[in-house]
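**Student:** Fold the following.
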Amino acid sequence: MSFSSKLPTPLLCSFVLLNNKNMNTTKRVAPAGSTTLCPYLMVPIVESQIDFLVKAFDARVTNETRGADGNIQHGEVVIGDTNVMMGRASEQYPSRTTMCFVYVSNVDALHARMLSLGATEIMAPDNRPYGMRESGVRDLFGNEWWIAQLMA
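**Tutor:** The predicted structure follows:
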């Protein structure tokens, strides 16, 4: 049994660590343009996930690796200052849900936009007692996106 098959679902972000030594270093360990820690989504249709992230978060597509069948097998986008990777699910690497927390400038506007793109509401925008306005949605593949805005 592999380590990944022992992980609970949903995951609180699957991460790709590019260095297993001391991560508190100033030496660059990730490729240029990439972050040290990257959420990794495993979804049935990478094209649809990329489309959702571009339309919801204004994500910038940085990689679309296609297989022999023409479908995207691996994709990468940048949301804010963070790389988000995704792969096409298969029998060997099944789809799994993920949960990500994203800081944004306007929770209400983004929440409404995500719902208009087909996401389902988990929690409506709400002022939390710890100084954040937060909401949660589930995308078309069941991934949870918790968005937060610092309250002044």
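**Student:** Break down the chain into its strands, ranges please.
**Tutor:** 15-17, 37-43, 60-66, 72-79, 82-88, 99-103, 120-127, 132-138, 144-150 (DSSP state E).
**Student:** what mean pLDDT does the shortest one have?
**Tutor:** Averaged across strand 15-17, the pLDDT comes to 43.
**Student:** what does the second one give?
**Tutor:** Rounded to a whole number, the mean pLDDT of strand 37-43 is 94.
**Student:** In that strand, which residues are buried?
**Tutor:** For strand 37-43, a neighbour-count test (16 or more other Cβ atoms under 10 Å) marks 38, 39, 40, 41, 42, 43 as buried. Every residue, glycine included, has its C-beta placed from N, CA and C.
**Student:** hmm, back to that, can you put the strands of the chain in TSV and add distance to residue 112?
**Tutor:** Supplementary listing: the strands of the chain in TSV, determined by distance: least, Cβ to Cβ, whole Å:
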stretch	distance to residue 112
strand 15-17	29
strand 37-43	23
strand 60-66	22
strand 72-79	18
strand 82-88	21
strand 99-103	15
strand 120-127	9
strand 132-138	10
strand 144-150	11
